[in-house]
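Peer 1: Okay, here's the prediction I keep looking at, along with the sequence it came from:
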Amino acid sequence: MKTALLIEDHEDTQIWMRSVIASAFPNIEIHLAETLEQARTTLRKMPFTIALVDINLPDGSGIDLVSEIAANGRVGYIVMSTIFDDDDSLFRAIQAGAHGYLLKDQPHSLLIDKLKGIERGDPPLSPGIARRLLSYYRQQSQPRTNTSLAKTSSELSKREEEVITLIAKGITTKEVARMLSITTNTASGYVKSAYRKLDISSRAEASLRAVELGLVDCSSN
């Protein structure tokens with residue numbers, strides 16, 4: 001059974017987001033944590049398919065928790081669920097290991113659709129977020145000519161292209177292995193090889209490079 005951990009301290013928002021999660025993933029088992037400490041305690045007891053994490057919690061920042069979750073591998077998919085749409089919060093969350101970033105004050109139907117997109121391989125990003133991420137990482141990286149991009153693309157094997165495309169969409173290495181009918185270790189090897197050839201070290205950079213190479217289209221976000 002799929003399981004979700006909702007980390008949210010406001011009762012009205014808890015009800016709102018529970019409804020969103022239940023609508024996106026029928027029959028999912030939803031657990032609630034209102035503080036970082038409650039979330040840590042719950043995560044020690046069981047792993048989760050997905051976690052939706054608020055940023056501003058009573059005992060600290062949800063972004064700090066995202067770093068912990070990403071490191072321990074207890075959650076398959078991490079999504080920030082917040083009202084903060086400033087660049088600092090967004091980029092820190094993604095760099096910490098979040099796979100998605102949703103603004104919870106958006107329409108119910110839109111939030112449901114974004115979460116459903118996970119199963120299609122689409123990172124759950126509120127409108128405009130993907131373009132801001134792409135713009136940010138382009139500014140952080142050196143300009144690349146079409147010739148250099150073509151050279152980089154040609155250096156990737158067909159399997160590496162398949163793997164990096166899925167990773168760029170936020171799919172976990174374990175899921176990539178299942179989808180491609182290979183072992184997790186083999187998938188991890190392809191990820192490391194592709195990262196080395198592309199001179200990158202994170203999922204966020206993988207998303208940027210995949211867009212640059214035409215492997216992923218973020219125009220719908």
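Peer 2: Okay, I see it. Residues are numbered from 1 along each chain as shown.

Peer 1: residues in contact with Ala4?
Peer 2: Taking Cβ atoms under 8 Å, 6 or more residues apart in numbering as the criterion, Ala4 is in contact with 21, 25, 28-31, 48-52. For the C-beta atoms, the positions are set from N, CA and C on the backbone; glycine is no exception.

Peer 1: Check for me that it belongs to a strand.
Peer 2: Yes - judged by DSSP: H, G, I helix; E, B strand; the rest coil, Ala4 forms part of a strand.

Peer 1: Show me the beta-bridge partners of it.
Peer 2: Ile30, Ile50 (DSSP bridges).

Peer 1: That one and Leu180: what is the separation?
Peer 2: 26 Å (Cβ to Cβ, to the nearest Å).

Peer 1: so what does the helix or strand encompassing Ile21 touch, helix or strand wise?
Peer 2: Counting by DSSP states H and E, the element that carries Ile21 is helix 11-24. Packing partners of helix 11-24 (3 or more Cβ pairs under 8 Å, 6 or more residues apart in numbering; DSSP states H and E): strand 3-7, strand 29-33, strand 48-53, helix 108-116.

Peer 1: what's the closest of the ones you listed to His99?
Peer 2: For His99, the closest of the helices and strands packed on helix 11-24 is strand 48-53, at 9.0 Å, according to Cβ to Cβ.

Peer 1: Tell me which of the helices and strands packed on helix 11-24 lies nearest to Asp88.
Peer 2: strand 48-53 (16.4 Å).

Peer 1: Please state the offset of that closest one from the chain centre?
Peer 2: Between the centre of strand 48-53 and the centre of its chain there are 11 Å (Cα atoms, centre = their mean, to the nearest Å).
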